[in-house]
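Colleague: Fold the stuff below for me.
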Amino acid sequence: MINQGNALPTGRQEKVANHLKELTAEFLGRENNRTSLITVTGASCSPDLKRATIFITVFPTEKEKPALEFAKRKRPELREFLKKIMTTKNIPFIDIAIDLGEKHRQKIDELLREK
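Modeller: Presented below is the predicted three-dimensional model:
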């Protein structure tokens, strides 16, 4: 089955994405300078497994921009780390983004608590 557009991810995509999520969390946990808490909340892969997006949240939120810049700066080292551990033929190109879905969920929870 060819995965196109909005189709659900295949089992392989999910496995690779979950593995990337776990390994990226491990890597960022070791590399982080401890001025903020970076949490890897998810990952998604393209159907051909050549691109992946890692989603993160940052606490405190005012450290979000520097933490995202830090994580993006570390991408070459992350790729090298992934090459050593992953058994896939190709390591996907990694992008890192703030998990807006999680931010929205937190905002909704905050608004509900106020009532």
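
Colleague: Buried ones in the helix or strand of the chain with the lowest mean pLDDT, by neighbour count?
Modeller: Across the helices and strands of the chain, mean confidence by mean pLDDT, DSSP states H and E is lowest for helix 100-114: a mean of 87. By neighbour count on 16 or more other Cβ atoms under 10 Å, the buried set for helix 100-114 is empty. The way it works is simple: take the backbone N, C-alpha and C, and place the C-beta from them, glycine included.

Colleague: for stretch 54-72, same thing?
Modeller: Applying 16+ other Cβ under 10 Å to stretch 54-72 flags Ile54, Phe55, Ile56, Thr57, Val58, Glu64, Ala67, Leu68, Phe70, Ala71 as buried.

Colleague: Which of these fall within helices?
Modeller: Among the buried residues of stretch 54-72, the ones falling in helices (DSSP state H) are Glu64, Ala67, Leu68, Phe70, Ala71.

Colleague: average model confidence for the longest helix along the chain?
Modeller: Using DSSP H, we find that the single longest helix of the chain is helix 11-31. Helix 11-31 carries an average pLDDT of 95.

Colleague: same for that helix, what does it pack against?
Modeller: With contacts taken as 3 or more Cβ pairs under 8 Å, 6 or more residues apart in numbering; DSSP states H and E, helix 11-31 sits against strand 37-45, strand 51-59, helix 75-85.

Colleague: partners of the second one in the sheet?
Modeller: Paired neighbours of strand 51-59 in the sheet (DSSP bridges): strand 37-45 (antiparallel), strand 93-98 (parallel).
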